[in-house]
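*Asks:* structure for the following, please:
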Amino acid sequence: MKVNIPMVVTAADTIKRTITGTIVTWNEQGNTSVGPTVFAADSIEMKPVKLLLEHDRTRPIGKMVAHNVTSSGIEATFKIANTMAGEDALVEATEGLRDGFSVGAQINEWTNVKGVMQITSATLDEVSLVTDPAIDSARVSEVAASENEEKKDSDLATADSEKPTEGDQVSDTTAPAPAVEEAVEAAKANMVEAARPAFYTAPRLEFTKAKYLENSVRAKLGDDDARQYVMAADDTTSNNAGLIPTRQLTEVINPLSNADRSTIDAISRGVLPDAGMSFEIPKITAVPTVEDENEGDAIVETGMTNSFLTVNVNKYAGGQTFSVELLDRSNPVFFDELVRQMEYAYALATDKFVATTIVSSGQLAPTTQANTATGLLGFVAEAAAEVYADSLGFARNLIVTPEQWSKIMSYNDSGRPIYTASQPQNAGGAVSPQSLRGNVAGLDLYVSRALGINLSAAPIGDGSMIVINPDSYTWYESSRFRLQTNVALNGQIEVAYYGYGALATKVANGSCHFNLT
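*Replies:* Below is the predicted model:
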C-alpha cells in the first residue's frame, strides 16, 4: 500500500537550485491519499529518491541530495534539474505558487485506531512538489508549528526578554510588536482548528479508477464521505468505463512484411561498384579448340574471344512524410518502427525483382510432372541435368513458393512423412514447418514469398519451383541509406530510405523452373 502526505516547502534557493523543507512530521495527524494518517517516530526507512511533480513519475524535476531525521520529523533538500520544468518549479516554490511537499511511501506495518491509520513501518518511495496539498491552510500552519513544538512554549515565554534594549542594533527584518501578537494568535487559532475531527476535504465525485480505489480504502478506515462515494459509484464497468482505462502497448503487430529475402539468399552475392549506374563484366564468347591432327599438318589457329555483359544498377527507394508534432509527441518507438518497416519494404521490392528476373530468363523444364513426391523427384533430376548442360555448373539450390513448401511437407510414403521425419532412414532430405531452409533431394531448399507474388500462374503451377545454379546469377548491392529533411514552412519531416542493387544474369539457362502437368 502506498500513501501520499503533503508538507510545506520552507526554503528555495534559485542560485544553488535547491528546495528544502519538512517532508514528514512524526505523530501529527494528516490527510493522506488513504485518509487520516499518523506516522510514528522513525517509521520511515530513507533512501535516495527523485523529486516528482504532482506524483507523476513521468515528470521528475530533481533528486534528494540531503536529509535530516529529527525528533519531530524529516527535513530534506532537493537539487533541481536545469530543465524548463525545473526552472518553473524553482520560481513557483519561491513565489509560493507551488510550495507543498507530498511524500509517497510504501506502507509495511500499520494499525487502524478509530479510523486513523497509525503507520509504524514504511519505505520512502518518492517526494513530489504539489500546488494544493490535500490539507487546508490550517494544516500547513499546524505542520509548521509541529516543527518547533519543543520551542513554542519557551518562545512565547521569552518573547519580551528578546525585545531590543537601548543601544542595541535593530535588524530591519524584525516585525513590529503587533505583527508578532497577530502571528501568535493565528497559531493558536490554527491549533484549535486542527483539533476538529473532520479536518480533511470531502471527496469529489470523480468516477475514475484511481479515485474509486482511493475512496474504497478510505471507506474501510471509517470515512463516511468515502463510503458515500463508493455507494454513488456504479458497480458495473459498462456504465463507468473510466474505471477500466484502455492501455496501449509499445509492441507492434506486423503480419504484412518482414526482412526475408530467400530468392537473393539462393544466388551468389557481389559488391556493387562505387560509381556509375551500370557496369560491365567480361564474358567469354568463344574458347580455343584442340583437334586431332596428323604429323606435319598445320595447327588450326583458334582464338578465344570475349564480350562484355552490361549490368544496370537500379535504385530502390521509399519515403514517408509526417508532421513534426507526430515525431515530438509520439512514443519513441514510432520512428524506430517506421525505419524498420521501410527496411522490410526494401527487402520485399529487391527480392521480387530478382525472382521475376530468374523466372523470365530461366528455362522451363522440358517434361511436365505431377505435383507429387514422384513428380518432384523427376523434376529435380531433369532440371539438374539441364542446368549443368547449359551452365557447366551444378544446381545446388531449390527455390519454392510457400504453397509448394506446404505440398513438400505433406509428401509421404504409406503415411510416413518423407521430408519431415525426425529420424529418417534413406531420407530424401529434411523440411521443417518452422524454417524457410531445408534440404530436398540433395538440394538446399529456400522458401520465397516473392516468387509466388511474381508468378502469373497459380502459386503451385509452372515456375513455382526453381532448380538453380547460384553462380549463374549474382546480386550486387550497396549499403542502405536514410535521408531525413525538415520542411520549415509547414513543419513536416520527410524521410527517405533507399539503396542500389544490380542483378547480373551470367548464364540465362542457369535455372530451370517447374512444368506442372
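*Asks:* measure stretch 470-484 end to end?
*Replies:* End-to-end distance for stretch 470-484, by Cα to Cα, to the nearest Å: 37 Å.
*Asks:* next, the buried residues of that stretch.
*Replies:* Applying a neighbour-count criterion of 16 or more other Cβ atoms under 10 Å, one finds 470, 471, 472, 473, 474, 475, 476, 477, 478 buried in stretch 470-484. (Each C-beta comes from the backbone N, C-alpha and C, glycine too.)
*Asks:* go through stretch 111-130 and flag the buried ones.
*Replies:* Neighbour-count burial for stretch 111-130 [16+ other Cβ under 10 Å]: 117, 118, 119, 122, 124, 125, 126, 127, 128, 129, 130.
*Asks:* what's the most distant pair in those residues?
*Replies:* For those, the farthest-apart pair by Cβ to Cβ is 118 and 129; their separation is 27.1 Å.
*Asks:* just to revisit the earlier point, return the closest of the buried residues of stretch 470-484 with respect to residue 48.
*Replies:* Checking the buried residues of stretch 470-484 one by one against residue 48 (Cβ to Cβ), the nearest turns out to be residue 478, at 50.4 Å.
*Asks:* can you name the residues bridging to the closest residue in space to the closest one that isn't next to it in sequence?
*Replies:* In space, and not counting its chain neighbours, residue 478 is closest to residue 500: 4.2 Å by Cβ to Cβ, 6 or more residues apart in numbering. Residue 500 has these beta-bridge partners by DSSP bridges: residue 315.
*Asks:* residue 500 contacts residue 311, doesn't it?
*Replies:* No - using Cβ atoms under 8 Å, residue 500 makes no contact with residue 311, being 11.7 Å away.
*Asks:* what is the least confident helix or strand in this structure?
*Replies:* Using mean pLDDT, DSSP states H and E, helix 137-147 stands out as the lowest-scoring helix or strand of the chain, at a mean of 30.
*Asks:* contacting residues around the closest residue in space to residue 86 that isn't next to it in sequence?
*Replies:* Counting by Cβ to Cβ, 6+ apart, residue 86 lies nearest to residue 80, which is 4.3 Å off, once chain neighbours are set aside. Counting by Cβ atoms under 8 Å, 6 or more residues apart in numbering, residue 80 touches 17, 18, 19, 51, 61, 62, 86, 89, 90.
*Asks:* apply 6 Å and report the result again.
*Replies:* Neighbouring residues of residue 80 by Cβ atoms under 6 Å, 6 or more residues apart in numbering: 17, 61, 62, 86, 89, 90.
*Asks:* try residue 513
*Replies:* Here residue 513 is in contact with 362, 364, 463, 466 (Cβ under 6 Å, 6+ apart).
*Asks:* between the contacts of residue 80, which is nearest residue 403?
*Replies:* Checking these against residue 403 with Cβ to Cβ, the nearest one is residue 61 at 59.2 Å.
*Asks:* ok, the one helix or strand that closest one maps to: who's next to it in the sheet?
*Replies:* Per DSSP states H and E, residue 61 falls inside strand 56-69. Its sheet considered, strand 56-69 pairs with strand 50-53 (antiparallel), strand 73-80 (antiparallel) by DSSP bridges.
*Asks:* with only the CA atoms kept, save the longest one in PDB.
*Replies:* Output of strand 73-80 as PDB, limited to C-alpha atoms (Å, rounded to 0.1, in the frame of the first residue of the first chain):
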ATOM      1  CA  GLY A  73      10.200  14.600  11.500                       C
ATOM      2  CA  ILE A  74      12.300  14.500   8.400                       C
ATOM      3  CA  GLU A  75      13.800  17.500   6.600                       C
ATOM      4  CA  ALA A  76      15.200  17.100   3.100                       C
ATOM      5  CA  THR A  77      16.900  19.100   0.400                       C
ATOM      6  CA  PHE A  78      16.400  18.500  -3.300                       C
ATOM      7  CA  LYS A  79      18.700  19.500  -6.200                       C
ATOM      8  CA  ILE A  80      16.500  20.700  -9.000                       C
END
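*Asks:* after it, next one along is what?
*Replies:* With elements assigned by DSSP H and E, the helix or strand that comes after strand 73-80 is helix 84-94.
*Asks:* which secondary structure elements does that next one contact?
*Replies:* Contacts defined by 3 or more Cβ pairs under 6 Å, 6 or more residues apart in numbering; DSSP states H and E place helix 84-94 against strand 2-13, strand 56-69, strand 73-80.
*Asks:* tilt between it and strand 56-69?
*Replies:* If you take axes from the mean of the first three to the mean of the last three Cα atoms, to 10 degrees, helix 84-94 sits at 50 degrees to strand 56-69.
*Asks:* what's the spacing between the following helix or strand past helix 84-94 and its chain's center?
*Replies:* Sequence-wise, the next helix or strand downstream of helix 84-94 (DSSP H and E) is strand 100-113. Centroid separation between strand 100-113 and its chain, computed with Cα atoms, centre = their mean, to the nearest Å, is 33 Å.
*Asks:* list the buried ones in strand 100-113?
*Replies:* For strand 100-113, by 16+ other Cβ under 10 Å, it's 100, 101, 102, 103, 104, 105, 107, 110.
*Asks:* closest to residue 391 among these?
*Replies:* Among those, and counting by Cβ to Cβ, the member closest to residue 391 is residue 104, at 73.8 Å.
*Asks:* ok, that closest one touching residue 125?
*Replies:* Yes - if you go by Cβ atoms under 6 Å, residue 104 and residue 125 touch, sitting 4.6 Å apart.
*Asks:* quick one: low-confidence ranges for the stretch 201-350 of the chain?
*Replies:* Residue ranges of the stretch 201-350 of the chain with pLDDT under 70: 201-212, 225, 227-245, 332.
*Asks:* one more time with 50
*Replies:* The stretch 201-350 of the chain contains residues with pLDDT under 50 at 201-205, 234.
*Asks:* how about the helices in it?
*Replies:* Counting by DSSP state H, counting those that start in this stretch, one finds helices in the stretch 201-350 of the chain at the ranges 209-220, 224-232, 262-265, 324-329, 333-361.
*Asks:* contacts for the fourth one?
*Replies:* Just to be clear, that refers to helix 324-329. 491, 493.
*Asks:* and that helix, what's buried?
*Replies:* residue 327.
*Asks:* same question for the longest one.
*Replies:* Along helix 333-361, the positions that meet the burial threshold by neighbour count (16+ other Cβ under 10 Å) are 335, 338, 340-359, 361.
*Asks:* counting contacts, what elements does that helix pack onto?
*Replies:* Helix 333-361 is packed against helix 262-265, strand 314-323, helix 449-454, strand 492-505, with contacts defined by 3+ Cβ pairs under 6 Å, 6+ apart.
*Asks:* buried deepest among those, which one?
*Replies:* The highest average neighbour count among those, using mean count of other Cβ atoms under 10 Å, belongs to helix 262-265 at a mean of 24.
*Asks:* which other residues reach that helix?
*Replies:* Outside helix 262-265, the residues touching it (Cβ under 6 Å, 6+ apart) are 351, 354, 355, 436, 446, 447, 448, 450, 475.
*Asks:* which residue of this protein sits farthest from its center?
*Replies:* residue 296 (83.5 Å; Cα atoms, centre = their mean).
*Asks:* for that residue, grab phi and psi.
*Replies:* Dihedral pair for residue 296: phi 90, psi -10, per degrees, to the nearest 10.
*Asks:* how about residue 397?
*Replies:* phi -130, psi 150.
*Asks:* repeat that for residue 472.
*Replies:* Here is the backbone geometry of residue 472 (degrees, to the nearest 10): phi -80, psi -20.
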